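Colleague: just a sequence and a predicted model for now, questions to come.
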Amino acid sequence: MRYGKVISIICIALIPVVIVAGFFTKWERQYYYTAAAVLLLSLIPFLISLERRRLKARELVTLASLTAIAVASRAAFYAVPQVKPMCALLIIIAVSIGPQFGFTVGALAALVSNFIFGQGAWTPFQMFAAGLTAAICAVCFYGKRRNGRILPVAIVGGLVTFAVYGFIVDTCAVLMMAESFTLSGMLSVYASGIPFNLIHGGTSFLIILLLGSVMRDTIERVIIKYDLFGGAGI
Amino acid sequence: MKSGFRGCHPAVNISFFISVLVFGMLLRHPVTLVIAVFASLAYYIRLSGRYAARTFFRFLLPMLIIVTALNLLTNHYGVTELFILPSGNRATLESAAAGLVTGIMMVSTILWFFCWNEVVTEDKFMSVFGRIFPVPALIIMMALRFVPLYRRRLHEISDAQTGIGRSRRTGNIFERIRRAGSIIQILINWSLESAVETSDSMRSRGYGLRGRTGYSRYRMTGFDAAALIFIAAADIMIALGVSALGCLYNPRIIINPDVSSGTVYLISGVNATVNPLSALGAAAAAAYAVLCFMPLIMDLKEGVKWRSLK
Amino acid sequence: MAQFEIKDLCFTYPLNGRRALENINLKIESGEFITVCGRSGCGKTTLLRLLKSAIAPKGRIEGSVLYNGSAAGDIDLRTQAGEIGFVMQDPQTQAVTDKVWHELAFGLENLGLDNSTIRLRVAEMASYFGIGGWFDSRVDELSGGQLQMLNLASVMVMHPSVLILDEPTSQLDPISARSFIETVDKINKELGVTVILSEHRLEEVFPCSDRVIVMDGGRIISDSSVRELGATLGSQLEFVRLSVPSAMRIFNDCSGTGECPVTVREGRKWLSEQSIASKKCGHKSVSFGEKNAVEMKDVCFSYSRDGENVLNNLSLKIPEGSVFAVLGANGAGKSTLAKVMAGILKPHRGKITVHGKRMDKYKNGGLWQKNITMIPQDVRALFTAKTVAGELDKIGGDTAAVSRLMRIDHLAQSHPFDLSGGEQQRLALAEGLLTQPEILILDEPTKGMDGEFKTIFADVISRLRSEGKTVIMISHDIEFCASNAELCAMLFDGSIASFSQAHEFFNGNHFYTTAANRISRGIIEAAVTREDVSACVTGKSFQ
């Protein structure tokens, strides 16, 4: 289990390095290699860790359940147009269950939602983006100040959704065109994504701010009641 | 059970799609680009009929044009000037060609993914994925089962809250988000509590015992094995020929790498060089063509057989 | 040697220190069909779960549970998984995978069987249960009845020698429940599998049972064959008499002698041999004022623009102050009708008036302010607060009196989701009463209720009626509607197929009617409830 953890940390740490290296060295078809490396690095550790730690049946079902809640949550926001609540929910979930499981739920939620809306070249990128977004927020807030204020979570969550999730998903679009694009071309693709990412980050901020503490309490109650995931880190 | 390529073992389906997607990204030769886009479009039409043609004309063709135009307008490398843009920059043939190449690669990639979604169903993906990573596969499978259930529950909860007078459908964005929040809160409680019963049901049926096997409904037939061997052989052939099919679009267009012998066509007016296609390159392109058209050939062959049996 | 032997078993839950089981002694022979009955919270579930240690509750166990001579706790998980099958209450939550074929294979995968063995066993079981037609379906496309049948099949595929079922039909409609019980009976009779089943609804279960165990307050208070129970029914507790099949109840009310009838057929035979005081059952005709609580005219509703109409030109008048029941088969659109009446779903055609005012003229949620309240089928959809008290305080009013009436006053500080199913239902009813509606709409209110609470619930309904409120029930529960509704309507194919006073309604139907009516048809005219039949036979009044 500790072995798996080490691999996981190394893999996650390597991801940005590979991305940067991929952009600033001039190999042939570097975008392809970068994409492949990111994909493998982000998928392998959490798959390994899930296999290695013998999870209780109850934890497995809870992970599946949380994943499905994040994916299905869109249906609850039918009265609010233009909102994608999945990231916000993933952040709240991750803050309650910790970075590693948060990454798992995030990545699986992206995969599962693509089973419904169609898989594509973007699948691994979304998986990784959602997982990382959730994990970063969990690293900042998991286990600390259990009854702490939700505002910091909302601010960080909104920022991470805007910057990390948005950047990684836009990178997918860039990579698909990168071969013939110059740096300015790439930047223009990123720039065109900014308004969407701003809305995404803003709504995530709002959702976490308004609903975060109630939902965190709700999830933590069940986690404590059934002694899951090492008891919400308390 | 589906027939033709869709009736094949999931390992055949998945290795086919991985092969065409990987080589589709690596190969930028005009011939292979044309093969890829035609093969993927033809197979998608075979799978989805008129809907496929509509998607192509309404979504993919415009995308191709936009990507080409975007490249033409934002990149100014190349030696062959076509015209001067209002901004004062040059629009070049090379950047148009590179844009077209990127566009075609994107279109065929997207088409292959459309076909993937038709061919590699959840069941098939899970039977392969579940072999390698059984635990994540089980989580994904349960999540896939829960999503439609939870969507129904969300509607039920929303209706129930209305029925007891606890909700108004109107209000500003904050109130609407709060309302959505209380609905999700109930869903979390409800679903996580019933997850306990699900896990009891799992344990009651022996989950957690050592030596769990994965049941697969798909049996590997001799035909499937032959198809796998064929895909592997084609992959090797193409991989060997990747460099023989190399092309450059920046700063000038060079189709095929330089070879010591043979005729070199210099299309001087447009600064394009067409080197002769080597034997290795030709063989690789042929292998690529057969690989890409493999599903369609399988389907058509079966169709012919059906007709002859009537 | 008995298959199960339970000696002086006591069980204490760790949290509240409550004794859930006290001195249970029981022997179960291989191949028996045993029914366990008792009120909600009597310890049935605890007892059944202790028979299978993999899902036994945590707590202090005294005494012993022996399975084939060895302690149940020591049986390794593999043996347990294979030999002791367990089916739970809620069909939705038991299924694990997303496809029917995979659900069948799941247990066998856990046992580590190879592909070809699994293929064979799954094929065999799918044929035995008639699952072939939906073998490829997604689990979420199945109806509750199909799903519970799948849950049974995916336990049976492991070839258990004991099958334990904990209220397996409480969430099913009567038709599915009957076919489920028939299948369990078939498994018992054809394969010799021991069946231990707990149930509230005993009409279908009793004829199959070899033995009936009655529990109360964690103790076994009676352990006898069905016929012995029938003979001693007079000395049993009230709730036992309330839950037994109609034939047994009538036999007991009329102080019958000889062998106690259990099925409708036996009931008819017994009744035809009796001297009957009055051959015709008189009913008071109820009349209502001119005013209608809800009036629907040519209402059409569909869930999507191109979809089929779920409600099709439906017209209906529900008089003010009546108790009104809508019956109908699964999928007839009953729940949809309830939501349309409650203003939750908007019909695309037709007119609905509530208290003489068009529904769309109620603004700002006025329709749901002390006017209409609807309690959904699954009451878990209601609870947002952290405690029962908080849940009730959100609505306000005389929460103390209502929670006493609903018998949830001792639970004030519990989390709503920590309550049992029956308690949750009572909490929801309490919330419904606190909103003080003029019109109370209840979707399947008696689902999973035990016989005793049903009588309390019936009192609540009659009190609402005496206050001039209108109660609309959507229900499968024919017996309950026959005794408590004044007006009944049958929904079929999206519109009202028949509509009349309750006794006329059930008397006019041949199949879709109460067991008492089927027993007395042709012998006593117009008897609908078992009280009617007993009263006609003896000439005394039974209420």
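Modeller: Nice, I can see it. Numbering: from 1, shown residues only, chains lettered A, B, ... in the order given.
Colleague: how about the closest residue to chain A within the stretch 401-543 of chain C, what does it touch?
Modeller: Of all residues in the stretch 401-543 of chain C, residue C:415 sits closest to chain A, at 7.2 Å by C-beta to the nearest C-beta. The way it works is simple: take the backbone N, C-alpha and C, and place the C-beta from them, glycine included. Contacts for residue C:415 (C-beta atoms under 8 Å, 6 or more residues apart in numbering or on different chains) come out as A:221, C:386-388.
Colleague: so which residues on the stretch 1-150 of chain C come close to chain B?
Modeller: Applying C-beta under 8 Å from any C-beta of the partner chain, one finds that the stretch 1-150 of chain C approaches chain B through C:52, C:54-55, C:77-78, C:80-82, C:85-86, C:88, C:90, C:92-99, C:101-102, C:105-115, C:118-119, C:122, C:138-140.
Colleague: and the lowest-mean-pLDDT helix or strand in chain C, which residues are buried?
Modeller: Within chain C, no helix or strand scores below helix C:238-243, which has a mean of 84 by mean pLDDT, DSSP states H and E. For helix C:238-243, a neighbour-count test (16 or more other C-beta atoms under 10 Å in any protein chain shown) marks C:239-240, C:243 as buried.
Colleague: tell me which of those residues is nearest to chain B?
Modeller: The shortest approach to chain B among these belongs to residue C:243, at 24.7 Å (C-beta to the nearest C-beta).
Colleague: now the helices for chain A?
Modeller: Per DSSP state H, chain A carries helices over the ranges A:2-24, A:30-52, A:57-72, A:86-97, A:99-117, A:123-141, A:151-160, A:166-177, A:183-225.
Colleague: out of these, which is closest to residue B:107?
Modeller: For residue B:107, the closest of those is helix A:166-177, at 10.7 Å, according to C-beta to C-beta.
Colleague: now chain C, which segments are flagged as low pLDDT?
Modeller: Judged against pLDDT under 70, the low-scoring parts of chain C cover residues C:542-543.
Colleague: show me which residues of it sit near chain A.
Modeller: Contact residues (C-beta under 8 Å from any C-beta) of chain C with chain A: C:96, C:386, C:415, C:418.
Colleague: any low-confidence regions in the chain?
Modeller: By default, I'm working from chain A. A:1-5, A:23-33, A:36, A:39-40, A:144-148, A:176-182, A:230-234.
Colleague: wrong one, chain B
Modeller: Short version for chain B, where the test is pLDDT under 70: B:1, B:167-170, B:259-263, B:268, B:310.
Colleague: how about the contacts made by residue B:125?
Modeller: B:10, B:14.
Colleague: element containing it?
Modeller: For residue B:125, the enclosing helix or strand under DSSP states H and E is helix B:122-132.
Colleague: report the buried residues of the helix or strand following that helix.
Modeller: Sequence order places helix B:134-163 as the next helix or strand after helix B:122-132, per DSSP H and E. For helix B:134-163, a neighbour-count test (16+ other C-beta under 10 Å) marks B:134-151, B:153-163 as buried.
Colleague: same deal with stretch B:203-221?
Modeller: Here stretch B:203-221 shows B:203-209, B:212-218 as buried, counting by 16+ other C-beta under 10 Å.
Colleague: all helices for the stretch 101-250 of chain C, in order.
Modeller: Counting by DSSP state H, counting those that start in this stretch, the stretch 101-250 of chain C has helices at residues C:115-128, C:144-156, C:174-191, C:226-231, C:238-243, C:246-253.
Colleague: what sits against the residue sitting nearest the centre point of chain B?
Modeller: Central residue of chain B (C-alpha atoms, centre = their mean): residue B:113, 2.0 Å from the mean position. Contacts for residue B:113 (C-beta under 8 Å, 6+ apart) come out as A:118-121, B:21.
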